[in-house]
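**Student:** how would this look folded up:
(one chain, ligands or ions: 1)
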Amino acid sequence: MNVIVCIKQVPASSNVKIDPVTGVLIRDGLDSKLNPYDLYAIECALQITSATGGLVTAITMGPPAAKTALKEAISMGCNKGVLITDRLFAGADVLATSYTISSGIKQINDIDLIICGKQTTDGDTAQVGPEIAEMLHIPHVSFVNKIISVLQDSITVEYALDHTTETVRIPFPCLITVDKDIYTPRLPSYKRMLAHMNDEIIVLTLQDFTDKDESHYGLKGSPTQVEAMFSPTKNENKVILNGSISELSEKLFFQLKELKVI
Ligand SMILES: Cc1cc2nc3c(=O)[nH]c(=O)nc-3n(C[C@H](O)[C@H](O)[C@H](O)COP(=O)(O)OP(=O)(O)OC[C@H]3O[C@@H](n4cnc5c(N)ncnc54)[C@H](O)[C@@H]3O)c2cc1C
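**Tutor:** Predicted coordinates for the structure are as follows:
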């Protein structure tokens, strides 16, 4: 069984800066860590292949430094790491990111299952997994919190909706995004880290893709552009009203009217 697990490096701190001109995150010089939800995705992939046999390939789209995330995934138990990287991929929005990752996945043969985290802690859209599946024309289920069974041709999973939990069987190849209740992620093994220190990370660039049209990737392939990005400002103005109940009601009425609330 061939399982792909999609992982992303995210800023390790919430103290991030935004480029005032482009409106995108300045990632240079930021400490990074593996997206917490992707640890659950890795653990899920390892649990499945330890029961059925097979290989787990960790894949990430990011700058060359994202190799560290792949090394961590290998230290946890993944068999291979694939880095999708190219200057032309920079500035990608969710659509371009998903298209790029799906183009990379197309270069890997005989995939049964793709596992993504539910969401990231930086972009936080939870859209990349479903969009990858749509681009690969395979079925997908989001917010999976339990693997019920894995057969040769399908997987049965439980996923949470707002008020109900549903169980579905999906045929391979398919994609699932997993929530944090699925399994407890193991720690990276120091022994595995040493043993796999010199393992080659497979690098894919635009030149390796079937679709080499630059306008489909990075900023050029992104229909959404950041207009502005800012931390919400706190309104700490306080007005204290004094008087009897009828005076207070009148004062409050005029205050709200002045503020155009009523
Ligand atoms: C308009 C716009 C412009 C942007 N410009 C930039 C930019 O210039 N530079 C920049 O770095 N980012 C940019 N981003 C952010 C970038 O698009 C997102 O980081 C990316 O689409 C992933 O989305 P997400 O973080 O919301 O992932 P989610 O959908 O929340 O992630 C769900 C899961 O998908 C998988 N996944 C997500 N991203 C990756 C990845 N890169 N590799 C492998 N698996 C992944 C993981 O399993 C993850 O748990 C921009 C976003 C927007 C909307």
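
**Student:** avg pLDDT for the lengthiest helix in the chain?
**Tutor:** Longest helix in the chain, counting residues (DSSP state H): helix 36-52. In this model, helix 36-52 has an average pLDDT of 97.

**Student:** Past that helix, which element shows up next along the chain?
**Tutor:** Following helix 36-52 in sequence order, the next helix or strand is strand 55-61 (DSSP states H and E).

**Student:** Next, see if that following strand gets close to the ligand.
**Tutor:** Yes: residues of strand 55-61 contacting the ligand under C-beta under 6 Å from any ligand atom: T60, M61. From N, CA and C alone the C-beta is placed, and that goes for glycine too.

**Student:** what's that strand packed up against?
**Tutor:** strand 2-6, helix 36-52, helix 67-76, strand 80-84, helix 94-106 (3 or more C-beta pairs under 8 Å, 6 or more residues apart in numbering; DSSP states H and E).

**Student:** and the longest helix of the chain with strand 2-6, angle?
**Tutor:** Our comparison of helix 36-52 with strand 2-6, counting by axes from the mean of the first three to the mean of the last three C-alpha atoms, to 10 degrees, yields an angle of 170 degrees.

**Student:** what sits up against helix 36-52?
**Tutor:** 1, 3, 5-8, 54-56, 58, 73, 76-78, 113, 115-121, 147, 150, 155, 176-180, 182-186 (C-beta atoms under 8 Å, 6 or more residues apart in numbering).

**Student:** try it again with 6 Å
**Tutor:** 1, 3, 5, 7, 56, 73, 76-77, 115-119, 150, 178, 180, 182-183, 185 (C-beta atoms under 6 Å, 6 or more residues apart in numbering).

**Student:** Is any residue of that helix near the ligand?
**Tutor:** Yes: among the residues of helix 36-52, Y37, D38, A41 lie within reach of the ligand under C-beta under 6 Å from any ligand atom.

**Student:** For those residues, could you give me a markdown table that also reports neighbour count?
**Tutor:** Output for these, formatted as a markdown table (neighbours: other C-beta atoms under 10 Å):
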| residue | neighbour count |
| --- | --- |
| Y37 | 23 |
| D38 | 29 |
| A41 | 31 |
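
**Student:** Nearest to N198 among those residues?
**Tutor:** D38 (23.7 Å; C-beta to C-beta).

**Student:** Tell me the spacing between that closest one and F209.
**Tutor:** Relative to F209, D38 is positioned 23 Å away (C-beta to C-beta, to the nearest Å).

**Student:** same question, E227
**Tutor:** 30 Å.

**Student:** same check, this time on I26
**Tutor:** 27 Å.

**Student:** Show me which residues of the stretch 1-150 of the chain are close to the ligand?
**Tutor:** Counting by C-beta under 6 Å from any ligand atom, the residues of the stretch 1-150 of the chain near the ligand are 6-8, 24-25, 27, 35, 37-38, 41, 60-62, 90-94, 97, 101, 116-117, 119-120, 122-129.

**Student:** Leaving out the residues flanking it, which one is nearest to D19?
**Tutor:** I26 (5.5 Å; C-beta to C-beta, 6 or more residues apart in numbering).

**Student:** Now that we have the residues of helix 36-52 next to the ligand, can you turn them into TSV and tack on distance to E247?
**Tutor:** Below are the residues of helix 36-52 next to the ligand laid out as TSV (distance: C-beta to C-beta, whole Å):
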residue	distance to E247
Y37	54
D38	59
A41	60
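
**Student:** I figured G218 was touching T85, is that so?
**Tutor:** No: with contact defined as C-beta atoms under 6 Å, G218 and T85 do not form a contacting pair (11.4 Å).

**Student:** burial of G62, as a residue count?
**Tutor:** 21 (other C-beta atoms under 10 Å).

**Student:** Over to the one 3 residues further on?
**Tutor:** The number of residues packed around A65, counting by other C-beta under 10 Å, is 14.

**Student:** Find me the pLDDT at it, would you?
**Tutor:** So, for A65, pLDDT stands at 93.

**Student:** Closest residue of the stretch 151-262 of the chain to the ligand?
**Tutor:** T224 (3.9 Å; C-beta to the nearest ligand atom).
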